[in-house]
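A.B. asks: Sequence and predicted structure are below.
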Amino acid sequence: MQELHDLKDEDLRGLAPESVAALAQQMLQRLRRQDSEIKFKDAKIEKIAFQLARLKAWKFGAKTEAMSAEQRRLFEETLVEDEASLLALLRQAKGEAPAPSEDSAMTRRAPRRKPLPDELRRVDHHHEPENTNCPSAGCGKPMTRVGEDVSERLDIVPAEFFVHRHIYGKWACRCCQCLVQAPALSQVIDGGMPAAGLVAHTLISRFVDHLPYYRQEAINARSSVHTPRSTLASWSGQAGAALEPLYEAHKRFVLAARVLHADETPVAMLDPGAGKTRRAYVWAYARGAFDAVPGVIYDFCVGRGARFPIAFLGAVGNDRRGWRGTLVRDEYKAYDSVLSAVPDRMAAGCLAHARRKFDELLHDGGRSAVATEALHHIARIYRVEREMVSMTPDERLAGRLVGTWPLWKQLHAWLALERGLVPDGSATAKAIDYSLNHWPALTHHLRDGEVSIDNNSIENLVRPWAMGRKAWLFAGSELAGQRAAIVMSLVQSAKLHGHEPWAYLKDVLTRLPTHLNSRIDELLPHRWRRAS
């Protein structure tokens, strides 16, 4: 079919006025769509350019002398990591080809890195043209192999470095002087030293095992492999940019669930302009605890205000669209705004939080008859609930109506009675009020078999961030925190599906450079199958 922009005056002669009007309308719609795409692209480029300019300002203007040695080290690593990530995103937004890595043998004029150690195991990969007959018209004679190009990429399996040797044979026709060679394979770090396995290992070591780059540098040096921390940071930055489309697809998958669990945890973030740290937060969202296809996604934010989950779940400004369903959460006030931002959002409470209030009475005051009795009531509910874990939602709902609904009624009656016997303002009164004031949310699961009794599943998925805080202490920047959220979302979801994190990430990073964006969902943790 002829393109609209290729139409000439003579093509329109003889057409009915209705057809001409229809063609004009199509052209107008296409122009509007193109104009919208251009504006979106320009806005994205402007945002990235601003982030780059701010990064350079911090680089040359930050008062690093106000930082501790640990802060200064992380700041320097984060600069390299953020700059590599932003440059990769800027090239993607402009539609430019990936720039070769600074350690590429194609771009350096003098040796800039140590040669790969000879004692490392080599794995040869031979790449030859499918057809070695001369492609020149009228020739077709067999060509002669006249040489080869060899590129070496460093890779790793746990506890062993080895080198991939990609040998690209050169085939020439003696008659036509024609040269044929297989095309170079696309890599996530184009033109650089690391293979996908090493990039995956660096990301896993950083974001799962919580090893700072300087410790990874020292570990790699024990195998006679020289990987400066700035190089490791650059690899992570570029890999984070490459994984961003997969993260967005994973977000769509997680938010497609009707039941979501939500929680947040604080993370210190370095503020380069001020030379100190500030408090940031990681918000976690997971599909329902009984969901047959689990998944978790993290959102790194500079604050704890309601605007962050509202923006993530949808419904920003006048846009009333967004995620709809039941949100299992604690009683942090920000969630009230999240629930009211969009119609058809319902609140489900967490019995574990209510139980914790009574448990604290025993730890703080030593003995409390009310707390002991409350814990006995709650234990009976949990005991019956555990027997229904493997049931279908309908079976679970029916089981709750028979098994736990009477226990909840008993608990409510007992709490109301005890509340009248304890003085206002006491710790016991506050523990009882927490349950009574939030009773509709605490008992929401009795009306929906897909909803869990508590929020423990998401709290377990937030724990890796708490472990990370003890190792790396703080995030280097907002962009670094977002990059950590991207990697952690994919890796933790892969673990939920029984995948080995390194194997999953290595395969994804190997396939991403040539994978069609329209088929990006194939690489999501719940759909991933190792390439054969």
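C.D. replies: Sure thing, it's come through.
A.B. asks: any idea how far the helix or strand harbouring G399 is from the chain center?
C.D. replies: Using DSSP states H and E, G399 maps to helix 393-403. In terms of CA atoms, centre = their mean, to the nearest Å, the centre of helix 393-403 is set 35 Å apart from its chain centre.
A.B. asks: by contact count, what packs against that helix?
C.D. replies: helix 369-386 (3 or more CB pairs under 8 Å, 6 or more residues apart in numbering; DSSP states H and E). All C-beta atoms are positioned from the backbone trio N, CA, C, and that covers glycine.
A.B. asks: in stretch 493-503, what's buried?
C.D. replies: Buried residues in stretch 493-503, counting neighbours by 16 or more other CB atoms under 10 Å, are found at 493-496, 499, 501-502.
A.B. asks: mind listing the strands in this structure by residue range?
C.D. replies: Along the chain, counting by DSSP state E, strands occupy 121-127, 144-157, 160-172, 179-181, 259-271, 276-287, 296-301, 325-328, 345-348.
A.B. asks: which one of those strands lies closest to Q216?
C.D. replies: When these are compared by CB to CB, strand 144-157 sits nearest Q216, at 11.0 Å.
A.B. asks: Check which residues of the closest one are buried.
C.D. replies: 151-156.
A.B. asks: What lies in contact with that strand?
C.D. replies: Residues from elsewhere that reach strand 144-157, judged by CB atoms under 8 Å, 6 or more residues apart in numbering: 105, 116, 120, 122-123, 132, 161-174, 179, 181, 184, 187, 193-198, 201, 225.
A.B. asks: cool, and stretch 32-47?
C.D. replies: 90, 93-94.
A.B. asks: likewise stretch 330-339?
C.D. replies: In contact with stretch 330-339 (CB under 8 Å, 6+ apart) are residues 262-264, 304-306, 309-310, 313, 327, 329, 345-347, 349-350, 353, 434, 438, 441, 455.
A.B. asks: make it 6 Å
C.D. replies: 306, 309-310, 329, 345, 347, 350, 353, 438 (CB atoms under 6 Å, 6 or more residues apart in numbering).
A.B. asks: likewise stretch 255-272?
C.D. replies: Identification of contacts with stretch 255-272 by CB under 6 Å, 6+ apart yields 58, 62, 71, 75, 277-288, 291, 323, 325-329, 450-451, 455, 457-459, 462, 465, 474-476.
A.B. asks: Give me the neighbour count for L52.
C.D. replies: If you count neighbours by other CB atoms under 10 Å, L52 ends up with 16.
A.B. asks: cool, and P393?
C.D. replies: P393 has 14 nearby residues by other CB under 10 Å.
A.B. asks: Kindly report the same for A306.
C.D. replies: Around A306 there are 18 other residues, counting by other CB under 10 Å.
A.B. asks: Spatially nearest residue to A249, not counting backbone neighbours?
C.D. replies: Nearest residue to A249, sequence neighbours excluded (CB to CB, 6 or more residues apart in numbering): I520, at 4.9 Å.
A.B. asks: okay, now that neighbour: neighbour count?
C.D. replies: 15.
A.B. asks: all numbers from here: first residue = 880
C.D. replies: Got it, the first residue is 880 from now on, which makes the last one we talked about I1399.
A.B. asks: who are the neighbours in contact with it?
C.D. replies: 1124-1125, 1128.
A.B. asks: Distance of the nearest residue to T1389 once chain neighbours are set aside relative to Y1047?
C.D. replies: Spatial nearest neighbour of T1389, excluding adjacent residues (CB to CB, 6+ apart): A1075 at 4.1 Å. For A1075, the distance to Y1047 equals 19 Å [CB to CB, to the nearest Å].
A.B. asks: neighbour count winner among those two?
C.D. replies: A1075 (23 against 19).
A.B. asks: What pLDDT does the model give that one?
C.D. replies: pLDDT recorded at A1075 is 94.
A.B. asks: and it, what is it in contact with?
C.D. replies: 1067, 1385, 1388-1389.
A.B. asks: buried subset of the contacts of I1399?
C.D. replies: 1125, 1128.
A.B. asks: Make TSV out of the contacts of I1399 and add pLDDT.
C.D. replies: Formatted as TSV, these follow (pLDDT from 0 to 100):
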residue	pLDDT
P1124	94
L1125	96
A1128	95
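A.B. asks: so where's the stretch 1030-1179 of the chain uncertain?
C.D. replies: 1151-1154 (pLDDT under 70).
A.B. asks: same thing but at 80, please
C.D. replies: The stretch 1030-1179 of the chain contains residues with pLDDT under 80 at 1037-1038, 1070, 1149-1156.
A.B. asks: got the CA coordinates for stretch 1270-1283 in CSV?
C.D. replies: This file holds the C-alpha atoms of stretch 1270-1283, laid out as CSV (Å, rounded to 0.1, in the frame of the first residue of the first chain):
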residue,chain,number,x,y,z
MET,A,1270,-6.6,-24.0,49.1
THR,A,1271,-8.2,-22.1,46.1
PRO,A,1272,-9.6,-18.6,46.9
ASP,A,1273,-13.2,-19.9,47.0
GLU,A,1274,-12.2,-22.8,49.3
ARG,A,1275,-10.2,-20.5,51.5
LEU,A,1276,-13.1,-18.0,51.8
ALA,A,1277,-15.5,-20.8,52.7
GLY,A,1278,-13.0,-22.2,55.2
ARG,A,1279,-12.6,-18.8,56.8
LEU,A,1280,-16.4,-18.3,57.2
VAL,A,1281,-16.5,-21.6,59.1
GLY,A,1282,-13.1,-21.7,60.8
THR,A,1283,-11.9,-18.2,61.6
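A.B. asks: Please identify the buried residues of it?
C.D. replies: Residues of stretch 1270-1283 classed as buried by neighbour count (16+ other CB under 10 Å): 1275-1276, 1278-1279, 1282-1283.
A.B. asks: now what about that stretch, what contacts it?
C.D. replies: So stretch 1270-1283 is contacted by 1260, 1263, 1267, 1325, 1328-1329 (CB under 6 Å, 6+ apart).
A.B. asks: average model confidence for the helix holding G1278?
C.D. replies: 96.
A.B. asks: Compute the inter-axis angle for that helix and strand 1138-1150.
C.D. replies: Interaxial angle, helix 1272-1282 versus strand 1138-1150 (axes from the mean of the first three to the mean of the last three CA atoms, to 10 degrees): 100 degrees.
A.B. asks: got the angle for helix 1272-1282 vs helix 1248-1265?
C.D. replies: Going by the same axes, to 10 degrees, helix 1272-1282 makes 140 degrees with helix 1248-1265.
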